[in-house]
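Enquirer: only geometry, no sequence info:
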């Protein structure tokens with residue numbers, strides 16, 4: 001993203017160098033970072049002893065990737081009052097600002113290698129009781145330094161007012177052991193730091209979003225839920241209206257899969273260095289076998305075709321009749337066999353309703369020809385994207401998104417409750433939504449960012465499994481506002497926690513991605529070092545699963561909850577697992593079985 005108009009703002013944002021800071025009734029804690037980062041919430045930052053503007057320490061923060069390296073602090077203020085905000089800074093681009101109810105102010109400058117002061121002011125609204133002061137850098141601009149940050153003005157009275165009562169919750173997404181609960185945000189949502197959900201009048205559970213999944217429930221049983229909102233000062237509203245929901249009696253809501261699953265992709269339409277495996281030779285450890293891949297006749301045709309690997313590429317390929325017979329044998333053992341659409345080379349853009357309808361017809365023809373159990377969506381590259389202004393998760397408007405959702409709903413309705421629907425997006429298309437969603441307000445971000453989210457959200461009632469590819473990924477920010485890098489257990493914990501706890505899209509709590517059910521989520525991994533970047537060793541994978549499912553063996557990232565019903569693991573691929581001596585399938589199958 002390119003910065004626009006720096007020359008205009010520079011004059012207003014940067015004041016004379018080396019001026020003596022004025023005396024101020026500073027409301028900020030640790031304004032000069034003399035106590036390290038105490039009082040501040042930061043990413044990519046540390047307190048350093050040089051250079052400093054005043055005292056003995058200053059802030060140094062380094063933007064990385066799409067992270068601005070922001071430090072921020074929440075301050076209590078008075079309504080209808082004017083405040084002065086200033087900071088001393090060094091760096092190519094440094095931003096200073098404040099946000100709150102009715103407050104949105106920012107200034108920036110490029111002071112370079114000398115200390116320069118940024119100044120701005122704002123007036124709080126009639127209902128403003130707190131603001132968040134922030135300082136940050138910019139994309140790829142190297143480290144910046146900040147010191148002696150001042151918020152000058154009268155402090156607010158202690159907060160004793162509780163947030164407004166949130167709206168009545170709704171209950172849905174029922175399985176035999178879980179219920180999804182969601183609710184409208186409190187009208188004081190800016191000041192709300194958590195919601196508390198009480199089931200059947202019991203001890204409340206704290207959540208950060210506006211949705212909660214109750215798990216470990218009994219089948220065919222009715223449960224009652226109510227929700228209240230709480231702020232940073234510990235004030236909680238009264239509970240909102242109580243509503244009830246009933247779990248199903250079981251039997252087919254999740255496609256008939258076992259409690260713990262292993263999903264593997266089988267190279268059936270192509271050959272590579274891992275070698276071809278006949279369907280009859282797929283090891284029993286795999287519960288779901290995804291046939292890779294069905295691909296379109298052209299990017300926008302919607303016409304999906306699948307063929308077995310040609311004998312010229314795969315000399316040991318079996319005849320189609322044997323292939324189909326082996327599928328039936330696997331299904332007789334309780335395995336599920338799906339057609340996976342897309343992959344690295346299979347770009348699919350359903351830009352028209354004609355393409356949508358062709359997709360439905362052609363995918364159904366493949367499913368019927370081979371007697372398959374369902375469909376896996378593995379759209380990559382430029383298949384999905386969001387148009388400018390398409391920002392509402394629940395009401396997407398971009399044709400490739402709307403048409404895909406419509407096609408999937410049609411296929412689900414055609415095949416019924418035992419139809420298995422899975423998805424395997426990359427982190428760029430899902431968890432990146434915590435920071436970016438489509439082209440952004442200025443139209444300058446990658447419009448593919450988080451573009452899977454509206455599809456996942458629309459299909460959540462019918463989605464059997466989501467196994468995001470925790471590989472071939474850049475660093476992704478987790479709910480702790482820190483970047484996590486693939487290859488270790490923390491990355492898998494952080495990425496999975498986002499799916500199971502939910503998250504605000506681009507930080508907007510009014511546009512939440514609600515949590516998925518635990519039984520809908522599996523962790524996606526490379527089966528060997530040859531299979532993709534981000535290979536994770538068996539011990540590290542077990543540590544991640546232990547942390548998520550048991551609350552044990554956690555590293556630096558602490559998940560927002562414990563998820564005992566986390567469903568299992570996905571691997572690319574069955575072929576690469578055999579190439580690696582079956583290390584993945586045999587070790588992880590035994591571990592999952594041991595969890596019960």
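Expert: Nice, thanks for sending it over. Just so it is clear, the model here is predicted, and its values are computed rather than measured. Numbering: from 1, shown residues only.
Enquirer: Which strand in the protein has the most residues?
Expert: Looking across the chain with DSSP state E, the single longest strand is strand 112-123.
Enquirer: Please identify the buried residues of the helix or strand following it?
Expert: Later in the chain than strand 112-123, the nearest helix or strand by DSSP states H and E is strand 130-136. Neighbour-count burial for strand 130-136 flags 130, 131, 133, 134, 135, 136 (criterion: 16 or more other CB atoms under 10 Å). Placement of C-beta: from N, CA and C, glycine included.
Enquirer: Might you report the residue contacts of the residue nearest to the fifth one when sequence neighbours are not counted?
Expert: Leaving aside its chain neighbours, residue 135 sits nearest to residue 146 (4.8 Å; criterion: CB to CB, 6 or more residues apart in numbering). For residue 146, the contacting residues are 33, 58, 59, 61, 71, 87, 88, 89, 94, 135, by CB atoms under 8 Å, 6 or more residues apart in numbering.
Enquirer: Packing partners of the longest strand of the chain?
Expert: With contacts taken as 3 or more CB pairs under 8 Å, 6 or more residues apart in numbering; DSSP states H and E, strand 112-123 sits against helix 6-13, strand 14-15, strand 82-91, strand 94-100, strand 103-109.
Enquirer: Tell me the strands beside that strand, with direction?
Expert: Strand pairing for strand 112-123, using DSSP bridges, gives strand 14-15 (antiparallel), strand 82-91 (antiparallel).
Enquirer: Looking at those strands, which one is packed in the most?
Expert: Highest mean neighbour count of the strands paired with strand 112-123: strand 82-91, a mean of 23 (counted as mean count of other CB atoms under 10 Å).
Enquirer: Hey, what's the angle from it to strand 94-100? Just curious.
Expert: Calculated by axes from the mean of the first three to the mean of the last three CA atoms, to 10 degrees, strand 82-91 forms an angle of 150 degrees with strand 94-100.
Enquirer: what about strand 82-91, distance to the chain center?
Expert: 33 Å (CA atoms, centre = their mean, to the nearest Å).
Enquirer: for it, what is the average pLDDT?
Expert: Averaging pLDDT along strand 82-91 yields 95.
Enquirer: now stretch 475-486
Expert: In this model, stretch 475-486 carries a mean pLDDT of 94.
Enquirer: Same check on stretch 457-464?
Expert: On average, stretch 457-464 scores 94.
Enquirer: And that stretch, what's buried?
Expert: 457, 458, 459, 460, 463, 464.
Enquirer: Please list all residues in contact with the spatially most central residue of the chain.
Expert: The centroid of the chain falls nearest to residue 431 when counting by CA atoms, centre = their mean (2.5 Å). Applying CB under 8 Å, 6+ apart, we find residue 431 in contact with 450, 468, 476, 478, 495, 498, 499, 503.
Enquirer: Can you list which of those residues are found in strands?
Expert: Cross-referencing those against strands under DSSP E gives 476, 503.
Enquirer: Okay, now the unreliable bits of the chain?
Expert: For the chain, applying pLDDT under 70 flags the ranges 1-24, 65-66, 158-159, 172-173, 188-191, 232-233, 249-255.
Enquirer: measure the residue nearest to the centre of the chain to residue 425 for me?
Expert: For residue 431, the distance to residue 425 (CB to CB, to the nearest Å) stands at 9 Å.
Enquirer: intersection of neighbour lists for those two?
Expert: residue 468.
Enquirer: Helix or strand next in line after the strand or helix carrying residue 227, which one?
Expert: Applying DSSP H and E as the criterion places residue 227 in strand 222-231. Using DSSP H and E, the helix or strand that follows strand 222-231 towards the C-terminus is strand 243-246.
Enquirer: Strand partners (parallel or antiparallel) of that following strand?
Expert: Strand 243-246 has the following strand partners under DSSP bridges: strand 222-231 (antiparallel).
Enquirer: on that earlier part again, for the residue nearest to the centre of the chain, give its distance to residue 128.
Expert: Using CB to CB, we find residue 431 at a distance of 32 Å from residue 128.
Enquirer: Next: residue 30.
Expert: With distances taken as CB to CB, residue 30 is found 23 Å from residue 128.
Enquirer: Which phi and psi values does the residue nearest to the centre of the chain adopt?
Expert: phi -70, psi -20 (degrees, to the nearest 10).
Enquirer: As TSV, the strands paired with strand 112-123 with distance to residue 229 would be great.
Expert: Formatted as TSV, the strands paired with strand 112-123 follow (distance: least, CB to CB, whole Å):
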stretch	distance to residue 229
strand 14-15	41
strand 82-91	26
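Enquirer: So for residue 303, which of those sits nearest?
Expert: With CB to CB, the closest approach to residue 303 among these belongs to strand 82-91: 52.8 Å.
Enquirer: tell me the angle that closest one makes with strand 103-109.
Expert: Using the same axes, to 10 degrees: strand 82-91 against strand 103-109 is 30 degrees.
Enquirer: What about residue 38, how many residues nearby?
Expert: A count of nearby residues for residue 38, using other CB atoms under 10 Å, gives 10.
Enquirer: burial of the closest residue to it other than its chain neighbours, as a residue count?
Expert: Closest residue in space to residue 38, ignoring its immediate chain neighbours: residue 30 at 5.0 Å, by CB to CB, 6+ apart. Number of residues near residue 30 (other CB under 10 Å) recorded here: 17.
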